[in-house]
Every structure is written in C-alpha cells, then in structure tokens.
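Asker: Sequence and computational prediction follow.
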Amino acid sequence: MHVARTVADFRAAHAALTGTLGLVPTMGYLHEGHRSLMRRARAECDAVAVSIFVNPTQFGPNDDFDRYPRDEEHDLAICREEGVSLVLMPPVEEIYPEGATTTVSVGPLSTTLEGAARPGHFDGVTTVVSKLFAIVQPERAYFGQKDAQQLMVIRRMSRDLLLPLEVVGCPTVREPDGLALSSRNVYLSPEERAQALSLSRGLRRAEAAWADGVRDAEALRALVREEIEAQPLARIDYVSLAEQGSLAECAGPATRDALLSLAVRFGKTRLIDNVLLAV
Ligand code: AMP
C-alpha cells in the first residue's frame, strides 16, 4: 500500500497502476461503514484508492472542524486490512492553494435539508470531490447511502459535468442495535447513545407503516418525530419526507419513491440518518 501525502506523489504512484481504479473518499476515523465501501470497490475494481481528507470548506463556522476525530495510524491499518493500493492524504494547502477561487455548486439540490441546515456545506463537498476526482481519476467512486443527499448531489455533479466515472451508492452499515455508524458517534455519552437509537427506531416504524400502505407524508414524519421527541436529550433539526429525485418535500400522500431523512442533535453532536421508501 502506497501512502501519498502530496498530489505529485499520488500521481506518480497512480501512473504505475494498471486496470480499473475505484475511489473511496473519506474524512478518516474509519469504521465498518467505510470498510464496506472499500470492499465493494475491491470487488468491482482492479485497485482501490482511499482519500483521507478532513475538508475545511464543508464545515460551517459553528461546525466541528477543529474537533473532528482523527486517527491516522488506525485509518492506515484499516486500509491495509482491506487491500487498498493507494491512500491519498493531502495537506489542506495543496487542495486549496493560495488564491484559489473556483468552486463547484450543483444548485437547488444542495440548498435543502442538510444544505439548509448547513449553508455552503454541499458547495464544499462538491468542490473537494471534484478535486479528488481530478487527482485520482477513478473509473468508479463509492459513497454511502448514509449521506443520501450527498450521494444525490454528487451524482448530479458528475452527470452535469460529464465526468467520466460511475458513482456507486452503498447501503448504510449499522450497529447491531440499529445506530448508523458514523465517525461522530464517538462524541456521544452513553446516555446520548442510548437515546440516539430512537433515530433508527423511528425510521423503522415509518418504514413498517409504509409497508402497511400508509402514504400520508405528515403521518409518516409524525411517527419518526414521536419516537425522537420522547428522548429528553434529543433536539430535532428536521424530519423530512421528500421526493427521491428532486428532494421536494412531500405534501399529502406520497405517490413516488421518497427519502425519509432526519438530523438530530444530542448536545454538540449532530447525527443524520435516512431510509428510502420505494413505491
Ligand atoms: P465520511 O468519512 O463521514 O465523510 O464518510 C465517507 C464515506 O463513507 C461517505 O460516502 C459516507 O456516506 C460513507 N459512510 C459513512 N458512514 C457510513 C455508514 N454507516 N454506512 C455506509 N457508508 C457510510
């Protein structure tokens, strides 16, 4: 496994590779969710590259950039275990050179839900991901359904910019008790963690209701809200049922595939989760 700490070093190592390359972009502090992306990439590509870059431009002034968890040694051990060929860990100054003013923005899809709660977040994501694509030049790039809106935004960017790669979405990996894996879960106190199970519980309740034929958007959102509002430490940012393609909020009965998604705060920790409801 080659660990490249500069873009030039990555490009030199890349030049020595043959066959198809799969990229798994991450912010590090790797867990089983990231591993599942690496495994999928390994199964579908001749070689796998992982980028580890905590991207400052996708964090707002009140976000957790400074305290985002980091553990380089552990991350590299995981990449080695998963048979990764190349790791890209560039310094911030190389990704955002002095005087860089170009950004990538997909427009409306990126200003609702997470984009509304975190203004500028997705512009930071699309800008850094397009730079990572330019450096790594993968045939395929792997993203988690855990960040459903991010996956949609990146698919849109790749399509709109005619990027010569396939964006592959991978299922959300959960703890046995239902909590979606996230690097941010380490912030949770035991009490908060116990109450955070209400997120997946609420989503499962709505999923079961959907399977029973419930389509009323507000009724489905209410099922999720009820479960979370019963937790004294939980503060809901949003619970949304939106059309899968446009992310327009559903009103009345949902008639097409919909994304049920939520963001909830426990103290300073903000968790997101979602399920797809297919008609
Ligand atoms: P992050 O390091 O949080 O930026 O995540 C890097 C990639 O891993 C993104 O494509 C995420 O959607 C994906 N990811 C994070 N958590 C999970 C999870 N629990 N299951 C599947 N993919 C995940």
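Answerer: That came through, no problem.
Asker: what number of residues lie near the closest residue to residue 276 other than its chain neighbours?
Answerer: Here the nearest residue to residue 276 in space, its sequence neighbours aside, is residue 259; by C-beta to C-beta, 6 or more residues apart in numbering that works out to 6.0 Å. For glycine as for every other residue, the C-beta is placed from the backbone atoms N, C-alpha and C. A total of 21 residues lie near residue 259 under the criterion other C-beta atoms under 10 Å.
Asker: can you offset everything so residue one is 2?
Answerer: New numbering, starting at 2: the last item is residue 260.
Asker: Spell out which parts of the stretch 2-151 of the chain neighbour the ligand.
Answerer: The stretch 2-151 of the chain has residues 27, 28, 34, 35, 37, 38, 144, 145, 147, 148 near the ligand, with proximity defined as C-beta under 6 Å from any ligand atom.
Asker: Tell me, what's the model's pLDDT at the closest residue in space to the last one that isn't next to it in sequence?
Answerer: The one in question is residue 148. Leaving out its chain neighbours, the residue that sits closest to residue 148 by C-beta to C-beta, 6+ apart is residue 273, at 7.2 Å. At residue 273, the pLDDT value in this model is 98.
Asker: Likewise for residue 63?
Answerer: At residue 63 the predicted local distance difference test score is 86.
Asker: again, but for the one 5 residues further on
Answerer: On the pLDDT scale, residue 68 is placed at 92.
Asker: quick one: secondary structure of it?
Answerer: Residue 68 carries the three-state label coil when classified by DSSP: H, G, I helix; E, B strand; the rest coil.
Asker: For the ligand, what is the nearest residue in the stretch 52-201 of the chain?
Answerer: Residue nearest to the ligand within the stretch 52-201 of the chain: residue 145 (2.3 Å; C-beta to the nearest ligand atom).
Asker: Quick one: residues contacting that residue.
Answerer: Remark: with contacts taken as C-beta atoms under 8 Å, 6 or more residues apart in numbering, residue 145 is in contact with 34, 37, 38, 152, 170, 171, 172, 173, 174.
Asker: all helices in this protein, in order from the N-terminus.
Answerer: Ranges of helices in the chain, per DSSP state H, are 8-16, 33-45, 73-82, 93-96, 115-118, 122-137, 149-161, 191-212, 218-230.
Asker: Please convert these to a markdown table, extending it with mean neighbour count and mean pLDDT.
Answerer: Rendered in a markdown table, the data for the helices of the chain read as follows (neighbours: other C-beta atoms under 10 Å; pLDDT from 0 to 100):
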| stretch | mean neighbour count | mean pLDDT |
| --- | --- | --- |
| helix 8-16 | 15 | 98 |
| helix 33-45 | 19 | 98 |
| helix 73-82 | 15 | 98 |
| helix 93-96 | 13 | 98 |
| helix 115-118 | 18 | 97 |
| helix 122-137 | 22 | 98 |
| helix 149-161 | 20 | 98 |
| helix 191-212 | 18 | 98 |
| helix 218-230 | 19 | 98 |
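Asker: of all the ones you listed, which lies closest to residue 61?
Answerer: Comparing the helices of the chain against residue 61 with C-beta to C-beta, the closest turns out to be helix 122-137 (6.8 Å).
Asker: now the angle between helix 149-161 and that closest one, please.
Answerer: Taking axes from the mean of the first three to the mean of the last three C-alpha atoms, to 10 degrees, helix 122-137 and helix 149-161 form an angle of 50 degrees between their directions.
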